[in-house]
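K.L.:
Predicted structure and sequence below. I'll ask about it afterward.
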Amino acid sequence: RTVCADLALRVEDFADEETLDALGIGDRWGLSGLYHGRPMDEQSIWSSGDLPPVITLYRMPLLGEWRATGVELEDLVAHVVIHEVGHHFGLSDEEMAAIESQGG
């Protein structure tokens, strides 16, 4: 919790077109969460002017995935938040997938 104290959490219905285009995602239902900010391993006391890091959860894609998979909504949201916090710590998608495949 201490290292995430400055991390903000937002909820929006969908990602905007600019965000989807930047990520190469053509379907607005295809993005359930996103980390915006400088990962902790790239932060420095010499950096200034950065906005605080933010995790954005996209409500409609999360609800759609919940309905499609039957996974408990609380578990699904927790999974997405943990994934995005991983980006805050500087982990890539591939590193997080490897951790998950090991049962971590």
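P.N.:
Alright, I've got the coordinates.
K.L.:
What number of residues are in the vicinity of residue 87?
P.N.:
Using other Cβ atoms under 10 Å, residue 87 has 21 neighbouring residues. In this view, the C-beta of every residue, glycine as well, is placed from N, C-alpha and C.
K.L.:
Check the gap between residue 55 and residue 70 for me.
P.N.:
Distance, residue 55 to residue 70, using Cβ to Cβ, to the nearest Å: 24 Å.
K.L.:
Who has more neighbours out of these two?
P.N.:
Applying other Cβ under 10 Å to residue 55 and residue 70 shows that residue 55 carries more neighbours, namely 22 against 8.
K.L.:
for residue 10, helix, strand, or coil?
P.N.:
The three-state label given to residue 10 by DSSP: H, G, I helix; E, B strand; the rest coil is strand.
K.L.:
from the middle of its chain, how far away would the longest helix that the chain contains be?
P.N.:
Using DSSP state H to define each element, the chain has its longest helix at helix 73-88. Distance, stretch centre to chain centre, for helix 73-88: 7 Å (Cα atoms, centre = their mean, to the nearest Å).
K.L.:
The helix or strand of the chain with the lowest mean pLDDT: which residues count as buried?
P.N.:
Ranked by mean pLDDT, DSSP states H and E, the helix or strand of the chain with the weakest confidence is helix 93-101, at a mean of 84. Neighbour-count burial for helix 93-101 flags residue 96 (criterion: 16 or more other Cβ atoms under 10 Å).
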